[in-house]
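Undergrad: only geometry, no sequence info:
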């Protein structure tokens, strides 16, 4: 292949419209006669609704309708689980509106539709809802006592529980020369994309068709749910994605509004727009993380790891969301990480509380498991007086052991198999980059009023989940090639990376391609954009579609030239005779004509076009290491990140500009999440961090420059391009590396971090508590 | 009906006269009345900076102002940056440095940087970081934005 668009730092094709204000986000859609919706939400964490009086609201000029549960009762169903449908979770699903009871602050109680958003908000103030408050539960331990039961029918707050075991944990822990136990808590926080959620829905009563803008991430799945609610054919629903202001796991799952807004449009016969405000977002868009883990590890005195066993509790909130048990399950599934740990046993419990439901945030379960495991390893290293780095090198799964079968770490799924990787090399790159040898003497050093610490964390992360993704490539002439994707984009840059893959596959210039994505009408089937699967699944689908176009072009050329296609070659978008590549016999324009439906040379399916599906039932595992150098001010509890290195091996990099961009962006998200962010509920279930003043996102002043290293040492053997997913490795070990760094920094004060976030108030509290204990 | 008032103002060099509800925010006015949807609303409480525009040359949060407060003002939004098809040096630098991913915060950063560079011709990295500290980006980690603004400050 002459061209190498793959691997080149191509500037993005998406940028121009975004830089000039000509992009179209959901709130930029304006339709004639459009109405505006606002959602009335519960102010109580747990209460009975005894009456809803909408009369005053409806009397306000400009108010068109108020919908409550009674209005949707005939159509509404519980919102189903998309992933990790553990047995038992089905009893805890949410209806789009509360019926006679609310279970978290922010639960939707009514939809108000008006001529403007301003009037809709006036009407919200005029709504009269009578609540009878009930006691609320905000703590997992308390929830398990079942003294207050959040859902009457199952009669328990334990929604699901399972145990998986690999190897002989009991035997290992009975005989191990060294064991260590600890309990870790990962705080509740979430993705907070800068664009909040939003939907525009219109209903064509004459044709009985719905068009919905805004549900971007898993549109085909969401369309199927909406079709089942409305009891119509999926083909009558058209989902169109707009430009999207970030996803990070939270956006695009089927939320109550994904039914309510199309329902309102259908009922009223006018388009309806709903744009979530930030306060709603913080209380009613998926929260994430929030796991508690009791874990025990067994090792030889030389540091060789023997076994691990864990109890993982997920605080699922008041309803099971579309992610089912994913967050605690994924925490447990990869808890052993990139290390050889022969015996592993885990029990996962999904526990209900009066909080917003739990969904995914970038590297769900992996951020959590990295923090738990890597913290524990540093404790082991300290106990056994081994350098933390040495402990990891001693226990890494080696490249020669690949592919490495961990065993079944998730219920009802095939065993976890690491497809390829050089884990020691990734850590070595990180150590070299930060110059660990020179920094090591700084561990725990007190200088200029600050304690210094260096911490590391290693990760392995499943990416490229199947089962399939599709692409269609349609050639209509030289530099006129359309590529249709089944996946959507939430800001990742697919219009650039997919064009790079196509350009190399067909050996024609990048400018030849226009990438179309984000309409369920383009491709009949699609899975979605999540879990670092876009490039692995859709990237390979476009590659395969281009290969099919090449084969088709050769076959048609063979017919036309009356020779065997094997005597011909397809190069640079043209047909040559084997061994005579100085003169092209046919160009793309000729091939398009010969492939057309009116041509006698076309094959069974006319057109120089092909649809390809890339199917996969195996995951591909990216991996890497983070190293942080921090300084902690013991007077203020302020944590300063001085250096931060992220190393990630993604098998093969399509566009280093974009991959570094995602790695650095993810690392900053993780640093912010670890130091600043927390969704805090009080004992009554009131959300205290409901604005961006209380929920602090990282700014340019809070984060250092990040060193990002992308490795391509271990291409995936599972797909033709050899790629693994990028985008989540940068966040996976942020909690781990920072918590280890802080623990090393504050070791002279006797502090070992076991909970997040590493906020100044917490660090100060730990210092005060230790000082009190040692008095 | 809430009270209304007539206002006249210039936006991106063009004069507009409109009658608006006095409670209409400037961000909503620009987006809904003038159809300049490049200005984005991310938090509606003055933290994220996505709605930043220039108000008589000064960077302001249009979600915290009312449209009636802009009576007689000269505004610039992101749509006013490029000269025809020629990108503003900041826009070009953002493109070169991959200083945007989802692009939702980008107009706010561009307008903040535009006002900043008019006051500070040869800034240091620390000055740039401080200047954009009132704008939130969830995608890039800020480093490429800082680099892009530094590049633009040196004339691209």
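TA: Cool, the structure landed. Predicted model, so just to flag it, every value in this text is computed and none were measured.

Undergrad: contacting residues around the longest helix along chain B?
TA: For chain B, the helix that runs over the most residues, judged by DSSP state H, is helix B:106-119. Helix B:106-119 is contacted from outside by A:18-19, A:21, B:38-40, B:42, B:48-54, B:57-59, B:76-78, B:81, B:88, B:90-91, B:94, B:99-100, B:123, B:128, B:131-132, B:134-135, B:137, B:145, B:149, B:152-153, using CB atoms under 8 Å, 6 or more residues apart in numbering or on different chains. Every C-beta, even on glycine, is put in place using the N, C-alpha and C of the backbone.

Undergrad: Select only the buried ones of those residues in PyMOL?
TA: Remark: buried members of those, expressed as a PyMOL selection using 16 or more other CB atoms under 10 Å in any protein chain shown:
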select buried, (chain A and resi 18+19+21) or (chain B and resi 38+39+40+42+48+49+50+51+52+53+54+59+76+77+78+81+88+90+91+94+99+100+123+128+131+132+134+135+137+145+149+152+153)
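
Undergrad: Is residue A:181 in contact with residue A:308, as I believe?
TA: No - here residue A:181 lies out of contact with residue A:308, judged by CB atoms under 8 Å, at a distance of 10.9 Å.

Undergrad: any common contacting residues for these two?
TA: In contact with both residue A:181 and residue A:308: A:295-296, using CB under 8 Å, 6+ apart.

Undergrad: Who has more neighbours out of those two?
TA: residue A:308 (28 against 11; other CB atoms under 10 Å in any protein chain shown).

Undergrad: check which helix or strand covers the more buried one.
TA: strand A:305-317 (DSSP states H and E).

Undergrad: Direction included, what does that strand pair up with?
TA: strand A:288-299 (antiparallel), strand A:343-352 (parallel) (DSSP bridges).

Undergrad: residues contacting the closest residue to residue B:8 other than its chain neighbours?
TA: Using CB to CB, 6 or more residues apart in numbering or on different chains and skipping the chain neighbours, the partner closest in space to residue B:8 is residue B:17 (4.8 Å). With contact set as CB under 8 Å, 6+ apart, residue B:17 has these partners: B:6-8.

Undergrad: Next: residue A:622.
TA: With contact taken as CB under 8 Å, 6+ apart, residue A:622 is in contact with A:460-461, A:463, A:532, A:648-651, A:724-726, A:728-729.

Undergrad: Quick check: it vs residue A:420, distance?
TA: Going from residue A:622 to residue A:420 by CB to CB, to the nearest Å gives 10 Å.

Undergrad: distance between the strand holding residue A:308 and the chain's centre?
TA: 21 Å (CA atoms, centre = their mean, to the nearest Å).

Undergrad: mean confidence for that strand?
TA: Mean pLDDT, strand A:305-317: 98.

Undergrad: Surely residue B:150 is in contact with residue B:123?
TA: Yes - using CB under 8 Å, residue B:150 is in contact with residue B:123, at 7.1 Å.

Undergrad: quick one on the thing from earlier: any buried residues in the longest helix of chain B, and which?
TA: B:106-117.

Undergrad: Is it possible to get CSV of those that adds pLDDT?
TA: Listed next are these as CSV, based on pLDDT from 0 to 100:
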residue, pLDDT
B:106, 98
B:107, 98
B:108, 98
B:109, 98
B:110, 98
B:111, 98
B:112, 98
B:113, 98
B:114, 98
B:115, 98
B:116, 98
B:117, 97
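
Undergrad: which residues sit against the one helix or strand residue A:590 maps to?
TA: Counting by DSSP H and E, the element that carries residue A:590 is helix A:588-595. When contacts are defined by CB under 8 Å, 6+ apart, helix A:588-595 is touched by residues A:475-478, A:508, A:552-553, A:556-557, A:559-560, A:573-575, A:586, A:599, A:601-603, A:606-609.

Undergrad: could you give the mean pLDDT of that helix?
TA: On average, helix A:588-595 scores 97.

Undergrad: Listing partners with orientation, what would you give for the helix or strand just after that helix?
TA: The C-terminal neighbour of helix A:588-595 among helices and strands, as given by DSSP H and E, is strand A:609-615. Using DSSP bridges, the strands paired with strand A:609-615 are strand A:468-475 (antiparallel).

Undergrad: List the buried residues of the helix holding residue A:590.
TA: Buried residues in helix A:588-595, defined by neighbour count with 16+ other CB under 10 Å: A:588, A:590-595.

Undergrad: In a markdown table: these, plus distance to residue A:299.
TA: Output for the buried residues of helix A:588-595, formatted as a markdown table (distance: CB to CB, whole Å):
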| residue | distance to residue A:299 |
| --- | --- |
| A:588 | 62 |
| A:590 | 68 |
| A:591 | 64 |
| A:592 | 65 |
| A:593 | 70 |
| A:594 | 68 |
| A:595 | 64 |
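
Undergrad: thinking again about what came up before, of the contacts of residue A:622, which is the nearest to chain B?
TA: residue A:726 (12.6 Å; CB to the nearest CB).

Undergrad: That closest one: what's it in contact with?
TA: By CB under 8 Å, 6+ apart, residue A:726 lies in contact with A:463, A:532, A:535, A:622, A:648, A:650, A:653, A:659, A:662-663, A:710.

Undergrad: Drop anything exposed from the contacts of helix A:588-595.
TA: Looks like these have A:475, A:478, A:508, A:552-553, A:556-557, A:559-560, A:573-575, A:586, A:601-602, A:607-609 buried, using 16+ other CB under 10 Å.

Undergrad: Show me how the chain divides into domains.
TA: As the question left the chain open, I've gone with chain A. According to automatic domain parsing, chain A comprises the domains A:15-20+A:466-615, A:32-134+A:205-244+A:251-270, A:288-464+A:618-773.

Undergrad: Sorry, I should have been clearer: chain B.
TA: Looking at automatic domain parsing, the domains of chain B come to B:4-79, B:89-153.

Undergrad: and residue A:692, which of the ones you listed is closest to it?
TA: Nearest to residue A:692, of all the domains of chain B, is domain B:4-79, at 3.9 Å by CB to CB.

Undergrad: what distance separates the start and the end of the closest one?
TA: Using CA to CA, to the nearest Å, one end of domain B:4-79 lies 27 Å from the other.

Undergrad: same thing with stretch A:571-588?
TA: Note: stretch A:571-588 ends 11 Å apart using CA to CA.

Undergrad: got it, and stretch A:717-734?
TA: The straight-line separation of the ends of stretch A:717-734 (CA to CA) is 28 Å.

Undergrad: Would you mark the buried spots in that stretch?
TA: Residues of stretch A:717-734 classed as buried by neighbour count (16+ other CB under 10 Å): A:718-719, A:721-734.

Undergrad: what is the rounded mean pLDDT of it?
TA: 97.

Undergrad: Tell me who's in contact with whatever residue of chain B ends up closest to chain A.
TA: Of all residues in chain B, residue B:38 sits closest to chain A, at 2.0 Å by CB to the nearest CB. For residue B:38, the contacting residues are A:20-23, B:77-79, B:107, by CB under 8 Å, 6+ apart.
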